[in-house]
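*Asks:* kindly return the folded structure for what I paste below:
(chains A and B)
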Amino acid sequence: MADNALFQFLLRMGDNTLVLGHRVSEWCGKAPVLEEDIALANTALDLIGQTQMWLGYAAELQGEAKTADDLAYLRDVWDFRNLLMLERPNLDFGHTMMRQYLFDAYHHLLLGKLAGSSDPRVAEIAAKSVKEAAYHLDRSGETVVALGDGTAESHRRMQDALDLLWPFAGEMFLADDVDDAMAAAGIAPELAALKAEWESSVRATLRDASLTVPDDDFAHKGGKTGRQHTEHLGHMLAQMQFLQRAYPGASW
Amino acid sequence: MSSPSPSAYPDTPPPDKEPKRTGEWPLWEVFIRGQHGLSHRHVGSLHAPDAEMAIKNARDVYTRRNEGVSIWVVEAERVTASAPGDKEALYDPSNSKVYRHPTFFDIPDEVGHM
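*Replies:* Below is the predicted model of the structure:
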């Protein structure tokens, strides 16, 4: 199954939403204002819901009577296929929203194309998710502009966040064998074409936010291939998977 | 907090006053239309920096379970309300005038919401 390109692709989709969903859920009860707290929790729930669909499909392909829960709770760091950017700790609210925006802009674009996938299950999941992603993008984009073009302090924090996150954004568009196979089969779009579209919309928003995009296009990699995750993912999984690890098979 | 009596510790300088909270987001009243044909109903209030964000926050706070087809927000300070003391002058005169209420008509069920 490890060399099945569709399976790998589904893990990437599902692990992205699972890991980001968990990170965003860490704000629950601690966001700067009540309204943002509720909005972040809603976003996290949307992402976890999408995870169930992506990993559910992956588990079906895997057979062996596996479920989405097995994939979410019983894999270790090296089996995860999420982008490095998404496993990073939340840091401050500005960093969280910048990460959300950079991902939402990519996610919304990607899901829009996946809605026309040659694989009917992929198309179905994407069509359902893209509406949620549109709202996430609307909200995170507006927040990035409001904070980037806000007070001196909010501007400084958003610029710091962008400088920190930009080297992680490139991984979204690094195509490998899995991406090539998906594009050839008409299941997923070419990442290179996606990148141009992403960059023009992201640069326009960042300009509105009066933020400066770093010149360097160096990209950290190793998340979506599972080759080398950051040290943060293990800590996150220790918390997220604790219950199933300590009490295997526990259910409500 | 102010104390009526002089400090028990006259040699201790008073604490710095808490900085006044500024930059608080304004309060918005939220109205949601549950379905076509019904009017907008006041559902509650929330804080937001501007009207667009207030609509987004309202969507997250009040419509997650598919309650709405339309949202209105209005800044709470823009609402002019009647004073409770004016109650008698405003409402009492109509108390004995039942004929002002259109309750003597039978409305066919097919009409639905009116």
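*Asks:* helix, strand or coil for residue B:73?
*Replies:* strand (DSSP: H, G, I helix; E, B strand; the rest coil).
*Asks:* next, the nearest residue to it once chain neighbours are set aside: secondary structure please.
*Replies:* In space, and not counting its chain neighbours, residue B:73 is closest to residue B:54: 4.2 Å by CB to CB, 6 or more residues apart in numbering or on different chains. Yep, even glycine has a C-beta here, placed from its N, CA and C like the rest. Three-state assignment for residue B:54 (three-state DSSP): helix.
*Asks:* and the pLDDT at residue B:54?
*Replies:* Here the pLDDT value assigned to residue B:54 is 95.
*Asks:* cool, and residue B:6?
*Replies:* Residue B:6 carries a pLDDT score of 57 in this model.
*Asks:* circling back: which ones are touching the residue nearest to residue B:73?
*Replies:* Neighbouring residues of residue B:54 by CB atoms under 8 Å, 6 or more residues apart in numbering or on different chains: B:28, B:30, B:46, B:48, B:73.
*Asks:* JSON lines please, covering those residues and showing distance to residue A:237, neighbour count and secondary structure.
*Replies:* Listed next are the contacts of residue B:54 as JSON lines, based on distance: CB to CB, whole Å; neighbours: other CB atoms under 10 Å in any protein chain shown; DSSP: H, G, I helix; E, B strand; the rest coil:
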{"residue": "B:28", "distance to residue A:237": "40", "neighbour count": "25", "secondary structure": "strand"}
{"residue": "B:30", "distance to residue A:237": "39", "neighbour count": "26", "secondary structure": "strand"}
{"residue": "B:46", "distance to residue A:237": "35", "neighbour count": "23", "secondary structure": "strand"}
{"residue": "B:48", "distance to residue A:237": "36", "neighbour count": "23", "secondary structure": "coil"}
{"residue": "B:73", "distance to residue A:237": "41", "neighbour count": "22", "secondary structure": "strand"}
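*Asks:* tell me which helix or strand the residue nearest to residue A:205 when sequence neighbours are not counted sits in.
*Replies:* Spatially, and ignoring its direct neighbours in sequence, residue A:205 is nearest to residue A:141 (5.4 Å; CB to CB, 6+ apart). Assigned by DSSP states H and E, residue A:141 belongs to helix A:120-148.
*Asks:* just checking, next helix/strand downstream of that helix?
*Replies:* Next along from helix A:120-148, by DSSP H and E: helix A:152-169.
*Asks:* can I get the following helix or strand past that next one in CSV? Just the C-alpha atoms.
*Replies:* As assigned by DSSP H and E, the chain's next helix or strand after helix A:152-169 is helix A:177-184. Extracted as CSV, the C-alpha positions of helix A:177-184 are listed here (Å, rounded to 0.1, in the frame of the first residue of the first chain):
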residue,chain,number,x,y,z
ASP,A,177,6.4,10.8,-8.1
VAL,A,178,3.1,10.7,-6.3
ASP,A,179,2.0,14.1,-7.6
ASP,A,180,3.1,13.3,-11.1
ALA,A,181,1.1,10.0,-11.0
MET,A,182,-2.0,11.8,-9.8
ALA,A,183,-1.7,14.5,-12.4
ALA,A,184,-1.2,11.9,-15.2
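*Asks:* which other residues reach helix A:177-184?
*Replies:* Taking contacts as CB under 8 Å, 6+ apart, the residues outside helix A:177-184 that touch it are A:5-6, A:8-9, A:12, A:175, A:188-191.
*Asks:* return the set of buried residues in it.
*Replies:* A:178-179, A:181-183 (16 or more other CB atoms under 10 Å in any protein chain shown).
*Asks:* next: stretch A:43-60.
*Replies:* Neighbour-count burial for stretch A:43-60, with 16+ other CB under 10 Å as criterion, is recorded at A:43-48, A:50-59.
*Asks:* all good on my end, thank you.
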